[in-house]
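**Student:** What follows is a predicted structure for the sequence shown.
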Amino acid sequence: MFIGIDLGGTNIKGIIINKNGDVLKQHYIPTQDTGDGSWRENVKEMVIYLKDFLKEPILGIGLSAPGLPNEQNQCIAYLPNRLNGLENFMWGEYLGEATYILNDAHSALMAEVKFGVAKDKKNVVLLTLGTGVGGGILINGQLYQGLSQMAGHLGHISVNATDNNTSIVGMVGSLEYAIGNYSIEARTHGRFTSTWALVEAHRKGDYFATYTWLSSIQKLAIGISSISNALSPEMVVLAGGLTLADDALYEPLKTFMDLYEWRPGGKKTEIVQAYFGDMAGAIGAAAFVQSKLM
């Protein structure tokens, strides 16, 4: 049995899974980030609750969190200005169990690869489309974390070098700026405050909304095509809240991919909707620790 924890700014989500990925228990508690690091006690409370429910030994704990883990995946080494007390905190010592820490987007990838739509695939890219754009990369069946564990930050590739708007890491014309919900007011000159409102207006025939939405999807297709050229994955998995736009996303994306993707021999990169939703981080964290210990 394995415990998976997804540490978010608002809630802590926890699960117990067995080796087959069956979720035996899931639980939510508020993070309560008051700035003094006391939120870590809530993580311990979650672990105690899940262990008491199970009433038998666990093999390990996986923790999904924002930021960049250290090389051994023992802690989050870099996350400025959020969740005070997270950086360099050694969770294994604190929780008294073998504990592995993973970036939250990497956890979402692991959930899909181990138990979801990318099961049995060897080369996969996942993009999370939400407030920003995150991602993860699987190469030859292994999570690729790269130097400083920062691989997979695919929202910070550039899809328009002439656009001087920069992402949080300073990249001009980033994919994250092009489609992330955080930039929607700037991209629409204040006309829309959420991507959901933009998509609804597009569906109702608002020409400005349609122009803005399709421009964003065009840049997403350019980004995916660029990633495909660099990594040649078997599958690209799309996750996150924006994917709930369904056909309003996937139909124009298919059209733009037909324009931009290089397809030697007629082979297309398969683009699929993620299977896991709200609990993807916790499931992926548990899958990661399972891969480490079995």
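**Tutor:** Yes, it's here. Residues are numbered from 1 along each chain as shown.

**Student:** Does the closest residue to Gly116 other than its chain neighbours lie in a helix or a strand, and which?
**Tutor:** The spatial neighbour of Gly116 that comes closest, neighbours along the chain excluded (Cβ to Cβ, 6 or more residues apart in numbering), is Tyr275 at 3.8 Å. From N, CA and C alone the C-beta is placed, and that goes for glycine too. Assessed by DSSP states H and E, Tyr275 sits outside every helix and strand.

**Student:** Tell me the spacing between Tyr275 and Glu112.
**Tutor:** From Tyr275 over to Glu112 the distance is 6 Å, taken as Cβ to Cβ, to the nearest Å.

**Student:** cool, and Lys121?
**Tutor:** From Lys121 to Glu112 the distance is 9 Å (Cβ to Cβ).

**Student:** Of those two, give the one with the bigger neighbour count.
**Tutor:** Glu112 (27 against 16; other Cβ atoms under 10 Å).

**Student:** Relative to Val236, how far out is that one?
**Tutor:** 11 Å.

**Student:** Next: Leu293.
**Tutor:** Distance from Leu293 to Val236, by Cβ to Cβ: 29 Å.

**Student:** So between the two, which is more surrounded?
**Tutor:** Using other Cβ under 10 Å, the more surrounded residue of Leu293 and Val236 is Val236, with 21 against 12.

**Student:** secondary structure class for the more buried one?
**Tutor:** Reducing the assignment at Val236 to three states with DSSP: H, G, I helix; E, B strand; the rest coil gives strand.

**Student:** what's the domain layout of this protein?
**Tutor:** 2-109+278-293, 121-273 (automatic domain parsing).

**Student:** would you list those in CSV and tack on mean pLDDT?
**Tutor:** Converted to CSV, these look like this (pLDDT from 0 to 100):
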stretch, mean pLDDT
domain 2-109+278-293, 94
domain 121-273, 96
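
**Student:** hang on, the earlier thing: neighbours around the residue nearest to Gly116, how many?
**Tutor:** 16.

**Student:** quick check, Ala285 in a helix?
**Tutor:** Yes: assigned with three-state DSSP, Ala285 falls within a helix.

**Student:** Was I right to think it contacts Leu102?
**Tutor:** Yes: assessed by Cβ atoms under 8 Å, Ala285 is found in contact with Leu102 at 5.6 Å.

**Student:** Overlap in contacts, those two.
**Tutor:** 62-64, 110 (Cβ atoms under 8 Å, 6 or more residues apart in numbering).

**Student:** tell me which of these is nearest to Ala201?
**Tutor:** Ser64 (34.0 Å; Cβ to Cβ).
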